[in-house]
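Visitor: predicted model and sequence follow; I will ask about them next.
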Amino acid sequence: MLPAASISPSAMQNLCPGQTVTLQANTGAGLSYQWFKDNAIITSATTSSYSTGTAGTYTVQVTKTNGCSAVSAGVVVTNACAAVITDAGSITLCAGSGVAVNFTASGFNAGNMFTLQLSAAGGSFASPTDIGTAAGTGSGSITGVIPTNTPVGAGYKLRVVSSDPATTGPASPLTLKIQSSTVDPISLCAVTVSSNKNLLVWEKPMTANIDSFVIYRNTQVTGVYQKIAAQEYAAFSTYLDNTADPTTQPYRYYISGENMCGEGPQYNPHRTIHLTINKGQGTTKWNLIWNGYEGFSHGTYQIWRGPNAGSLTLLAEVEANSYNSFTDLNAPTGALFYRVVVGDAPSCNPSARTTGGEMVGSNIVSNSETSVNLSWMDMNVWPNPGTSSSQLMVVSSGQDDVYSVRIVDITGRVLDHYEAEANKAIEFGLSYAPGIYTIEAFSKDGQKLVRKWVKQ
């Protein structure tokens, strides 16, 4: 019977310069050995093991005492030094972007192809992804492209494998964080007036794909927004717009998530409530007019009133509709302050408690804003709100006969200018679009009366 003949390790051995491998034959009583390289006898290599650092194909002949012998399968030893990536540190890349690394390697055959592989998040190469190739026989650089569908995550690694001979390099000392070039849309919870500024509130999504939030505010061009701020992801999910003046107009806002790879889309802008006040017929009536809140569905508004801005109590609740108004028919005398609040705003859980902005509400107005303390001058506007045209009259006891009147839209654009004769009605507004307008009347000495008018 022929003896067994085998070598361990049996797989190809790729050795870098200066490295050796010990080849071990099977052992047993009465066995003798002869080692061969490329089918040529290796002089004096007659023990059960043989150490070498020279490329070639090695076999061993195993012989019994009865003279029967067998030759093992060959083990290939190469001087191909597996590619080792030399770049270190940590970088952040976008899915779909390129990455280039340097590596050391030697001893590969002509026609060899190096392949750059990407691990899973966390560094596992159980199922690597090929992302780039480069032909070569030794050290060089290789470029790959991160697949666009690569999951967002950290701890990614790279390695280089070869084809001729087949080697697998170690995981790189370089660590990758992958971000997506697609950022999901984000919606504000609400925008409310707080401390006479606009306070934006949103719920922070739990994601590694957002570095910061970008805040946009409308311009005077319909549908056009400008970036007003960017806030780091780690900050509280509220933003106070100190550059807006809620007493003059409503504002629209939206936010988007941003990372180094891109920015999310415009999504679901929110518009603040802008409240105005004017005097009704009689001494105890005050008209409140406001634009509807935009950004979420709601069905009611609450009217809050008080003797000062810090002591408001609920006065009434009204149904929300396209043109919102309320008349306080039996208001007490003296200074009064009003605010309109959404009665059924959805719940929101920002990353910080807010102060003064828990309710989604308007600016605060006062009946004192409608008076200029002129006993000889007043202005009436009727009907208000109006559906077609309305009339205005500057009421004067005779100090001036003619007054300058102008009508301004919500953007500040002057639509009409009149020289109005005292105590005579002027018809206006027939061609105006639905909206909120400011009427200003000036006396000759520069005193001014202001009224708000709504066209439905």
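Guide: Yep, that arrived.
Visitor: thought Trp286 was touching Gly280?
Guide: Yes: counting by C-beta atoms under 8 Å, Trp286 touches Gly280, with 6.0 Å between them. Every residue, glycine included, has its C-beta placed from N, CA and C.
Visitor: pLDDT value on the residue of the chain positioned farthest from its centre, please?
Guide: No residue in the chain sits farther from the centre than Asn66, which is 80.6 Å out by C-alpha atoms, centre = their mean. Looking at Asn66, its pLDDT is 91.
Visitor: for Ser194, same thing?
Guide: Ser194 is given a pLDDT of 88.
Visitor: bridge partners for the residue nearest the centre of the chain, pull those for me.
Guide: The chain has Gly257 as the residue nearest its centroid, 1.0 Å off, counting by C-alpha atoms, centre = their mean. On the basis of DSSP bridges, Gly257 is bridged to Phe213.
Visitor: thought it was touching Ala208?
Guide: No: applying C-beta under 8 Å, one finds Gly257 not in contact with Ala208, separated by 11.3 Å.
Visitor: ok, Asn26 - contacts?
Guide: Asn26 sits next to 4-6, 8, 48, 62 when contact means C-beta atoms under 8 Å, 6 or more residues apart in numbering.
Visitor: please narrow those residues to those residing in strands.
Guide: Counting by DSSP state E, the part of the contacts of Asn26 found in strands is 8, 62.
Visitor: and the residue nearest to the centre of the chain, how close does it get to Phe36?
Guide: According to C-beta to C-beta, to the nearest Å, Gly257 stands 66 Å off from Phe36.
Visitor: before we move on, the earlier item: have a look at Trp286 and Gly280 and say which one is more surrounded.
Guide: Between Trp286 and Gly280, Trp286 has the larger neighbour count (other C-beta atoms under 10 Å), namely 21 against 18.
Visitor: and the residue nearest to that one when sequence neighbours are not counted, what's its pLDDT?
Guide: Ranked by C-beta to C-beta, 6 or more residues apart in numbering and with sequence neighbours excluded, the top spatial neighbour of Trp286 is Asp328, at 4.6 Å. You'll see Asp328 listed with a pLDDT of 93.
Visitor: and Asp328, how far from Val318?
Guide: 12 Å.
Visitor: buried residues in stretch 111-118?
Guide: 112, 114-118 (16 or more other C-beta atoms under 10 Å).
Visitor: check stretch 151-167 too.
Guide: 152, 156-162, 165, 167.
Visitor: likewise stretch 171-179?
Guide: Buried residues in stretch 171-179 (16+ other C-beta under 10 Å): 172, 174-176, 178-179.
Visitor: where does this structure have low pLDDT?
Guide: Along the chain, segments meeting pLDDT under 70 span 322-323, 352-358, 369-376, 397-400, 445-446.
Visitor: the same query, at a cut-off of 50, please.
Guide: For the chain, the stretches flagged by pLDDT under 50 are 353-357, 371-374.
Visitor: who are the contact partners of Val318?
Guide: Val318 neighbours (C-beta under 8 Å, 6+ apart): 300-301, 303, 324, 326.
Visitor: hey, where'd the strands end up in the stretch 301-450 of the chain?
Guide: Under the criterion DSSP state E, counting those that start in this stretch, the stretch 301-450 of the chain contains strands at 313-319, 324-328, 337-342, 365-366, 377-382, 390-396, 402-408, 414-421, 426-428, 435-442, 448-455.
Visitor: typo on my end, the stretch 101-250 of the chain
Guide: 113-118, 129-135, 140-145, 153-156, 158-162, 174-179, 190-194, 197-201, 212-218, 225-232, 238-241.
Visitor: tell me who's in contact with the nearest residue to Thr92 once chain neighbours are set aside.
Guide: Nearest residue to Thr92, sequence neighbours excluded (C-beta to C-beta, 6+ apart): Lys177, at 4.4 Å. By C-beta under 8 Å, 6+ apart, the contact list for Lys177 reads 90-93, 153-156.
Visitor: just give me the closest of those to Gly264.
Guide: Thr92 (17.9 Å; C-beta to C-beta).
Visitor: flag every buried residue along the helix or strand where the closest one lies.
Guide: Assessed by DSSP states H and E, Thr92 sits inside strand 89-94. By neighbour count on 16+ other C-beta under 10 Å, the buried set for strand 89-94 is 93-94.
Visitor: same question for stretch 434-446.
Guide: 436-443.
Visitor: output it in PDB with nothing but the alpha carbons.
Guide: Extracted in PDB, the C-alpha atoms of stretch 434-446 (Å, rounded to 0.1, in the frame of the first residue of the first chain):
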ATOM      1  CA  PRO A 434     -58.600  89.500  -1.500                       C
ATOM      2  CA  GLY A 435     -56.200  90.200   1.400                       C
ATOM      3  CA  ILE A 436     -55.400  92.600   4.200                       C
ATOM      4  CA  TYR A 437     -54.700  96.300   3.500                       C
ATOM      5  CA  THR A 438     -53.500  99.200   5.600                       C
ATOM      6  CA  ILE A 439     -55.200 102.700   5.200                       C
ATOM      7  CA  GLU A 440     -53.200 105.700   6.300                       C
ATOM      8  CA  ALA A 441     -54.600 109.200   6.600                       C
ATOM      9  CA  PHE A 442     -52.200 112.200   7.100                       C
ATOM     10  CA  SER A 443     -53.100 115.700   8.300                       C
ATOM     11  CA  LYS A 444     -51.300 118.800   7.100                       C
ATOM     12  CA  ASP A 445     -49.100 118.900  10.200                       C
ATOM     13  CA  GLY A 446     -48.100 115.200   9.800                       C
END
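Visitor: which residues sit against it?
Guide: Under C-beta under 8 Å, 6+ apart, the answer for stretch 434-446 is 274, 276, 289, 291, 323, 374, 377, 379, 381, 392, 394, 399-400, 402-410, 415, 420, 429, 448-456.
Visitor: how near is Val340 to Asp38?
Guide: Going from Val340 to Asp38 by C-beta to C-beta gives 94 Å.
Visitor: neighbour-wise, which of the two wins?
Guide: Taking neighbours as other C-beta under 10 Å, Val340 and Asp38 compare with Val340 leading, 28 against 11.
Visitor: which one is that one nearest to, not counting chain neighbours?
Guide: That would be Ser362: by C-beta to C-beta, 6+ apart, it lies 4.4 Å from Val340.
Visitor: show me the protein divided up by domain.
Guide: What automatic domain parsing lists as the domains of the chain is 7-78, 82-179, 186-371, 372-455.
Visitor: good, wrapping up.
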